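structure here, sequence nowhere to be found:
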């Protein structure tokens, strides 16, 4: 949990959750307080951008006829992970949910 960002949103009884927030902070988490509307809006943007970037990455590879089995030998580990993330929705077929 060291330096992991956790967004908290006040509920009906904030005192009932204090122990959990205290424990997460003790484990090293960074607690950021937000409100439901703000958090919903930013997560919609973040998720849309992530899916858009995945689609564009995959489409680019397809349009340029990249041979991933040949070319993956020269990629760094982080790009291999990225290719794995990009490949998953494309392998799922039409109508699959990301």
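Cool, got the structure. Remember, it's a predicted structure, so these values are computed and weren't measured experimentally.

any regions of this protein where pLDDT drops low?
Applying pLDDT under 70 to the chain flags residues 69, 71, 92-98.

mind listing what's buried in the biggest helix by length in it?
When the chain is scanned for its longest helix (criterion: DSSP state H), the result is helix 36-63. The neighbour-count criterion (16 or more other Cβ atoms under 10 Å) identifies 54, 57, 58, 61 as the buried residues of helix 36-63. Quick note: C-beta positions are derived from backbone N, CA and C, even for glycine.

centre of the chain to that helix, how far?
9 Å (Cα atoms, centre = their mean, to the nearest Å).

and that helix, what does it pack onto?
Contacts of helix 36-63 with other secondary structure elements, assessed using 3 or more Cβ pairs under 8 Å, 6 or more residues apart in numbering; DSSP states H and E, are made with helix 77-91.

domain parsing of the chain, as residue ranges.
Following automatic domain parsing, one gets these domains for the chain: 1-34, 36-98.

straight-line length of the first one, end to end?
When you say that, I think you mean domain 1-34. Domain 1-34 has an end-to-end distance of 19 Å (Cα to Cα, to the nearest Å).

list the buried residues in that domain.
8, 24, 29.

any idea what the first one is bridged to?
When assigned by DSSP bridges, residue 8 has beta-bridge partners residue 33.

give the contact list for it.
For residue 8, the contacting residues are 17, 21, 31, 32, 33, 34, by Cβ atoms under 8 Å, 6 or more residues apart in numbering.

one more: residue 90?
residue 58.

returning to that earlier point: okay, the buried residues of helix 36-63 in a markdown table with distance to residue 73 next?
Shown next, in a markdown table, are the buried residues of helix 36-63 (distance: Cβ to Cβ, whole Å):
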| residue | distance to residue 73 |
| --- | --- |
| 54 | 23 |
| 57 | 19 |
| 58 | 20 |
| 61 | 16 |
